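# Give me a 3D structure for the following:
(chains A and B)
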Amino acid sequence: MVNSKIAISTAAMIAIAAAWSGPASATGLSSNVVAEVAVETSAANVIQSMADQAMNELTDQSLADDVRRKKFVSLMDRYFAMDVVSRFVLGRYWRSISEAEIEEFSVLLQNYLALNYANQFKEFNGEQFVVGDETQKNKDTFVDSQFVRPDGPPVNIVWRMRMFDDSYKIIDVSIEGLSMGITQRDEFTSVIQQNNDDVGALTAALKAKTGL
Amino acid sequence: MLTACASTEPAQDTSDYDPLEPVNRVVHGVNGAVDFMVLYPAAMWYRDIAPEPVKTSVASFVRNINEPLNSFNALLQGDPDQAAASFQRFIMNSTLGFLGFNDVASDFGIPYRREDFGQTLAHYGIGGGPYIVLPLLGPSNLRDTAGIGVDYVANPLTWGAQNSDTAEALYLGSVGLTALHYRYATINQLNELQKSSIDYYAALRSLYRQQRNQMIRNGGPSPEFAVEDESASFDFDDAVEAASK
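Next up, the predicted model:
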């Protein structure tokens, strides 16, 4: 992690130096090479590309709601460790269902989240998403970001990421210090508990919500 | 637990503890009905009718009326700098800011920070204890309910209200404005949550716990503490391990 951070700051410094010295081809080239390496290793860059992609694909107001939701789901597939998130929000109950049921649950969860969040992108108007610093804590990298609104104070969003097979995946998102994963886990496990520890009750409720 | 011995680390609750759940759910339901009839329509009306400058002034007033308690609790938490800052804010905003309707102290670079007695107890290591849904007031826990009681008694405005009609009018007015302001401030998020959640009660309970944790550690956006780390029962490491099997 320390290495990749040094790589980023080195890349940044070289890039600044290159920009400063004008189009000096030799330095310009080397900065591109270093920057590309950094793109693959930095968690902050992963968040930036996801945000760019989301802004490109989801904010189009002419998009039909179900199409936007589908795009949202495929973004989650790409950037989130859904196998981890699905198990996390089930808490210890993940053990009580089969592998196939977890798969089914994962699809339901994605569609449920798309139902709740995808439409937020429809109303985008003048908002900006700014990616900030990243911090390493134990096994995870936390990427700071701000959602800057034209009216009202900025919203702080922190992305909790973990490295799987050499690439960063999101395992949690906190908005103003409130973890979406923990909130969802606490809510879902409560639903299961209220129904005599039957995960099927939660799945049924998600089916009813998402219409799947 | 409220009976836990005090330590130097501020308390952070990592899971919901709700032995009174059946009763709490009933109170939650009644609160929802009362809210729907009184506070919710008032807040909707306020949201849609009141101009932005009015809302900003009301928000400042509501914060300012709480400053003596913020100062008092910061002092109890062994933070005289923050206590002085809150007191300074109170003096500046009450005079220059015309009874607190203008937050001039923020313009001078003294930011607002809320401190209550629940946070003071937590600062000395006392956990939340059982979750409690208070009639009218909503989500709380045993520690924070005790905190509300202490803050009520410690509030200079409540002493004043017993002796002076003006202070009483100010106190009652501030209670009304505080209720309106906080209901308005959360109206969009709570509408969304109520619509999207499967178990609204449980989602609120989790959010209350996380928000209090955040206030107790005076959490800014620092990623180091912004994310609640581990759960008592099942954390992210468990999930990663589960997924790799």
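# so where's the longest helix in chain B?
Using DSSP state H to define each element, chain B has its longest helix at helix B:165-185.
# Give me the next element, helix or strand, following that helix.
helix B:187-196 (DSSP states H and E).
# Which positions in that next one come out as buried?
Buried residues in helix B:187-196, counting neighbours by 16 or more other Cβ atoms under 10 Å in any protein chain shown, are found at B:187, B:190, B:193. All C-beta atoms are positioned from the backbone trio N, CA, C, and that covers glycine.
# Need the pLDDT of the first one.
What the model reports for residue B:187 is a pLDDT of 93.
# Quick test: name the residue nearest the centre of chain A.
Centroid-nearest residue in chain A, with Cα atoms, centre = their mean: residue A:170, separated by 4.9 Å.
# how near is the nearest residue to residue B:16 once chain neighbours are set aside to residue B:146?
When the adjacent residues along the chain are set aside, residue B:16 lies closest to residue B:205, with 5.4 Å between them (Cβ to Cβ, 6 or more residues apart in numbering or on different chains). Residue B:205 sits at a distance of 19 Å from residue B:146 (criterion: Cβ to Cβ, to the nearest Å).
# neighbour-wise, which of those two wins?
Neighbours per residue, other Cβ atoms under 10 Å in any protein chain shown: of residue B:205 and residue B:146, the larger number sits with residue B:205, 25 against 17.
# got a list of what that one touches?
Taking Cβ atoms under 8 Å, 6 or more residues apart in numbering or on different chains as the definition of contact, the neighbours of residue B:205 are A:186, A:190, B:16, B:18, B:131, B:139.
# with those residues in mind, which one is nearest to residue B:82?
The closest of the contacts of residue B:205 to residue B:82 turns out to be residue B:139 (Cβ to Cβ; 25.3 Å).
# quick one: the closest one is in a strand?
Yes - counting by DSSP: H, G, I helix; E, B strand; the rest coil, residue B:139 is located in a strand.
# which parts of stretch B:94-112 are buried?
Of the residues in stretch B:94-112, B:94, B:97, B:100, B:101, B:102, B:103, B:104, B:105, B:106, B:110, B:112 count as buried by neighbour count, 16+ other Cβ under 10 Å.
# now do stretch A:68-81
Quick answer for stretch A:68-81 (16+ other Cβ under 10 Å): A:68, A:69, A:71, A:72, A:73, A:75, A:76, A:79, A:80, A:81.
# Now the two most distant members of the residues you listed.
In those, the most distant members under the criterion Cβ to Cβ are A:68 and A:81, with 22.7 Å between them.
# quick one: is stretch B:173-191 near chain A?
No - Stretch B:173-191 lies out of reach of chain A by Cβ under 8 Å from any Cβ of the partner chain, never closer than 9.6 Å.
# and residue A:45, how many neighbours does it have?
Neighbour tally, residue A:45, other Cβ under 10 Å: 19.
# what helix or strand is it on?
Assignment of secondary structure by DSSP H and E places residue A:45 within helix A:43-58.
# Over to residue B:14?
In this structure, residue B:14 is located outside every helix and strand according to DSSP H and E.
# which residues in chain B form strands?
Using DSSP state E, the strands assigned to chain B run over residues B:131-134, B:138-141.
# make that chain A, sorry
With DSSP E as the definition, chain A shows strands at residue ranges A:128-137, A:140-148, A:155-164, A:167-175, A:178-179.
# can you give me the helices in chain A?
With DSSP H as the criterion, chain A has helices spanning A:2-20, A:25-41, A:43-58, A:65-79, A:82-90, A:99-117, A:180-194, A:199-210.
# what would the ones you listed look like in JSON lines with distance to chain B?
As requested, these are exported to JSON lines (distance: least, Cβ to the nearest Cβ, whole Å):
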{"stretch": "helix A:2-20", "distance to chain B": "14"}
{"stretch": "helix A:25-41", "distance to chain B": "18"}
{"stretch": "helix A:43-58", "distance to chain B": "11"}
{"stretch": "helix A:65-79", "distance to chain B": "13"}
{"stretch": "helix A:82-90", "distance to chain B": "4"}
{"stretch": "helix A:99-117", "distance to chain B": "4"}
{"stretch": "helix A:180-194", "distance to chain B": "3"}
{"stretch": "helix A:199-210", "distance to chain B": "5"}
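# pLDDT below threshold where in the chain?
Going with chain A. A:1-41 (pLDDT under 70).
# Chain B is the one I meant
Scanning chain B for pLDDT under 70 picks out the ranges B:1-8, B:219-233.
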